[in-house]
Structures are given as C-alpha cells and as structure tokens.
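Q: I'd like to go over a predicted model; first the sequence, then the structure.
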Amino acid sequence: MKKILVVDDEKEICTFFSYLLKRKGYDVTTVQSGREALNIIAAEKFHLAMLDLKLPDSDGLTLLKKIKETNCRCQVIIMTGYSTVKSAISAMQNGALDYIEKPFDDIGELEQLIDHALSTTSYARDGDLLEMAAESGIILGENQQMLQLIGMARRIAAKNVTVLIQGETGTGKEVLARFIHNCSKRGVNPFIPINCAAISENLLESELFGYEKGAFTGANKDRKGFFEIASSGTLFLDEIGEASLSTQAKLLRVLETGEYIPVGGEKVRRTDSRIIAATNVILDEAVHNRAFRQDLFYRLDVLTLKIPPLRERPEDIPLYLDYFLRRFTEGKELGVRGFAPETVDILCAYEWPGNVRELINLVQKLVTVVDEPLLLPRHLPEKVKRRKNVDDITTNFDDSGNIAGIFEHDAGLWVDRLVE
C-alpha cells in the first residue's frame, strides 16, 4: 500500500486529504506542524509527501530538503496560495515534483496529480518527453543541464503562470516558448510571437492591443490586437527588454488585471492569454538603470528559464554539426558528406556569438558552396579560424584516425525549428 504524508497547519485540509486518499486505498498520515513532520520523516518512509509551503514553525522548502536527504525516492507536491507561487516554483527547482494552488477547485485534477506522482514512471525521461520535445523542434541528448531545463519547462507548462526565458541571441528562446505552449492545455489554441524590438513604439501598441475605427489616419475599420487573437492561447513577447517604458506600463496592467483598452477605444476588454516573455538583456541591470520597470520585472519573474550559450556546451557542437549536415544534405545531390576532424576541432574552439542560429547558418552555407566530400579548415570563414589560440589546437587521434576521448559528455538542445 502506498504511503502518503500530508503536512498542513489547517485541520480541515488534513481531514479532507485523509478522507479523499484513504477512500482511494492509500495509507495516509497527517500532521499539522513542521516539528511533527520532521519527527515522522526521520522515523518512516513515504512514497509521497504533500507539504504546505507556509507553516507556523517551519516551511515546505525546509521539509523538502530533509525529505530528499533521508528518502530521495519520495515524491513531493507543494501546496501553496497564489502569493507564494514563486516560492513553490523554487521548490520544484530544488526537487519537488509539482505544486498545487489552494483552494483546490478541481478535485479530479488533484486526484490525477497524486496518482501520477505515485506512478513509477511519473515525469521520467521517457519516449513521451522526447517525442513532445521533438514535435516543438527540440532534440534532446544526455546533457543534464538541458534535460533539467526541458523537464522543468514541461512540468510548468500545465500551470497558468508567466514565464521569462533568458538567453543570448540565437539560443532558441522561441523554440522553448513553443514547447511550453504545446505541452499546455492551451496547445490547441494560437501561439502568437511578437518581437518587441522589431516594431516601433506606436505600432507596437496597436499590434498588441488592436485599434478601433477612426483611431488614427488610415484606421478604416476595427482591428484585433495580439492580446485578443491569443486569448486562450499564448502570447510570446520576444525581446521584452527593448519595449518602451510606456508600453511596459500597459503590459503591466494586462498582467495584473487581464484588461486592456484598444487604441482609440473607450471600452475595457479582457484577455485570457498566457504570457511568455524572452530577452537577451539582463533585466536586473535594466531595472537598476531605470530602463525597465521594476514592477513589470517582478510580474514577469515568476519562473525564469535560462538557456546556456553554445560556447558553454562545446561537447554538443559535433552532434549539432552532424545533425544539421544530414538535414541539409539528405535527399539532395550535394557533394559534402562530413566534417574533417580538424574542422570539428576548430568549430569546437570557436566562441559562437550567434549561438545555434549562427551554427545552422554556417552549415547551410558550407554545404551549398563546397563541392568536396569533407569540409576542411580552409573552407571555414576567416573569423572562425582567427579564434584566439586556434593555431595551438591539436587533434587527438587514435591509431585508426578517429577522434579519441575529446567529447565525453552529452548532447544538448538541437534547435531544429530555427532553420525554418
């Protein structure tokens, strides 16, 4: 029989779970303080612990740490109020399986979450995760940092929280945003991307909020904005750090209330769109420099996902090169069949300021202009070969001519969608 521990200082919550879970055949223990919880955690093993985030004498994060120290196989679900959602997400980043908000409006969803947590394959890295990632253009290898990132993105997708994606240009922020959208219940509804840096301030406001007939010269009819089009779906605000302070103020209102007014309009409208924002700007510094509103930053910073740049994952580069070479040459009468080992060494030493997008563009260019079986160092652009210390790079071959022992780690995120 599966054993479940419920820790909540409200007696009614403990009684509710005791009735609900015992009826489903589980062995349930309830306690109402952190001290009682610590004592029972030290004495017994549980399959699942449901922890209130705020307790009079402790907190869910402390109990989570203790559980993971003494019984790492025990799954943990955090129970929280809306005001502590950020802390609950922090708990997920530190080992909790999931969180659920009080009050529990959907008992069926609650039961499904508990049953899922107790299943042996719950949230495992299986074919389902790989397939879902691939459908959004993400090809997963074994790189633990990227697996954790995608795993967190998948788990948080079901939550109706704002997500902020940080990463340098070309790392695949929109690809990750699409993955979150596709994994959520909103996946059947529109995913609307908009680049805040590519549209002027005046146009950005009308694009986001729409406008009414006669709002300005040329406004001959009403036009829906992206907030209306993306209602029940996801609105992806790329380069949010480039939005003007005026636009930021209006975005803040939508995030706080779900309400907006079209340009030239007087009637307030509502949207049910989920916001995923992305930036290559360090928003903390932008706030300090008064280039970004602090209150908007707090609203966006509920969950932050940081995509590492390609230069921090050089072990991924040979796999990227092979994958995109096959993608661009498969089914085509092109002469290129592969990269020479010396070429791979040089490309692994390159800093890739444009990240995966730059790598994709380079591979596409090389297979187009080179008509030889192997891509050699002389085929590479000078800026790639000029990389500091590139002349000192020596290949490490075994007797058979194969690269030996250079890349011992794992593959990361293949940003397939960026080529489209």
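A: Nice, thanks for sending it over.

Q: which SSE is the nearest residue to L334 once chain neighbours are set aside in?
A: Leaving aside its sequence neighbours, L334 sits nearest to V367 (C-beta to C-beta, 6 or more residues apart in numbering; 5.5 Å). Glycine gets a C-beta too; all of them are placed from N, C-alpha and C. Using DSSP states H and E, V367 sits within helix 355-369.

Q: which positions within that helix qualify as buried?
A: Across helix 355-369, burial judged by 16 or more other C-beta atoms under 10 Å covers N355, V356, R357, E358, L359, I360, L362, V363, L366, V367.

Q: tell me which two in those are the farthest apart.
A: N355 and V367 (19.6 Å; C-beta to C-beta).

Q: E239: neighbour count?
A: E239 has 19 neighbours, counted by other C-beta atoms under 10 Å.

Q: quick check, E212 in contact with G264.
A: Yes. The pair E212 / G264 is scored as a contact, 4.5 Å apart, by C-beta atoms under 8 Å.

Q: so who does A249 touch?
A: Going by C-beta atoms under 8 Å, 6 or more residues apart in numbering, A249 touches R293, L296.

Q: same check on G170?
A: L310, G354, N355, V356, R357, E358, L418.

Q: A243 versus that one, what's the distance?
A: Relative to A243, G170 is positioned 21 Å away (C-beta to C-beta, to the nearest Å).

Q: ditto for L53
A: Counting by C-beta to C-beta - L53 and A243 are separated by 32 Å.

Q: cool, and T279?
A: For T279, the distance to A243 equals 10 Å [C-beta to C-beta].

Q: same thing with L208?
A: 9 Å.

Q: identify the contacts common to these two.
A: Shared contacts of L208 and A243, counting by C-beta under 8 Å, 6+ apart, come down to L251.

Q: OK, contacts around the residue most central in space within the chain?
A: Closest to where the C-alpha atoms of the chain average out (C-alpha atoms, centre = their mean) is A153, at 4.0 Å. The contact partners of A153, by C-beta under 8 Å, 6+ apart, come to V163, L176, F179, I180, C183, L305.

Q: out of those residues, which is nearest to Y260?
A: Using C-beta to C-beta, V163 comes nearest to Y260 of the contacts of A153, at 20.0 Å.

Q: need the phi and psi values for that closest one.
A: phi -120, psi 140 (degrees, to the nearest 10).

Q: next one: V302
A: Torsion angles at V302 (phi, psi; degrees, to the nearest 10) stand at phi -80, psi -50.

Q: if I look at it, how far off is I89?
A: Following C-beta to C-beta, the distance that separates V302 from I89 is 7 Å.

Q: show the pLDDT at W414.
A: pLDDT, W414: 39.

Q: i'd like the first residue to be 193 from this point on
A: In the new count, where the first residue is 193, that last one comes out as W606.

Q: which stretches of the stretch 393-542 of the chain form strands?
A: Under the criterion DSSP state E, counting those that start in this stretch, strands of the stretch 393-542 of the chain are mapped to 426-430, 451-452, 461-462, 466-471, 495-498, 530-531.

Q: and those as JSON lines, adding mean pLDDT?
A: Output for the strands of the stretch 393-542 of the chain, formatted as JSON lines (pLDDT from 0 to 100):
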{"stretch": "strand 426-430", "mean pLDDT": "97"}
{"stretch": "strand 451-452", "mean pLDDT": "93"}
{"stretch": "strand 461-462", "mean pLDDT": "94"}
{"stretch": "strand 466-471", "mean pLDDT": "96"}
{"stretch": "strand 495-498", "mean pLDDT": "94"}
{"stretch": "strand 530-531", "mean pLDDT": "95"}
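
Q: in a markdown table: the ones you listed, plus distance to F383.
A: Shown next, in a markdown table, are these (distance: least, C-beta to C-beta, whole Å):
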| stretch | distance to F383 |
| --- | --- |
| strand 426-430 | 5 |
| strand 451-452 | 19 |
| strand 461-462 | 20 |
| strand 466-471 | 9 |
| strand 495-498 | 17 |
| strand 530-531 | 35 |
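
Q: so for N335, which of those sits nearest?
A: Smallest distance to N335 across the strands of the stretch 393-542 of the chain (C-beta to C-beta): 14.3 Å, for strand 495-498.

Q: just checking, what packs against the closest one?
A: The helices and strands touching strand 495-498, judged by 3 or more C-beta pairs under 8 Å, 6 or more residues apart in numbering; DSSP states H and E, are helix 336-349, strand 355-358.

Q: run through the neighbouring helices and strands of the last one.
A: If contacts are counted by 3+ C-beta pairs under 8 Å, 6+ apart, strand 355-358 sits against helix 365-375, strand 466-471, strand 495-498.

Q: change it to 6 Å
A: Under the contact definition 3 or more C-beta pairs under 6 Å, 6 or more residues apart in numbering; DSSP states H and E, strand 355-358 sits against strand 466-471, strand 495-498.

Q: dump those strands to TSV, plus distance to S250 and mean neighbour count.
A: Output for the helices and strands packed on strand 355-358, formatted as TSV (distance: least, C-beta to C-beta, whole Å; neighbours: other C-beta atoms under 10 Å):
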stretch	distance to S250	mean neighbour count
strand 466-471	33	25
strand 495-498	24	18
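
Q: grab the nearest non-local neighbour of N547.
A: G362 (3.5 Å).

Q: phi and psi next, for that neighbour.
A: The phi and psi values for G362, taken as degrees, to the nearest 10, are phi 90, psi 10.
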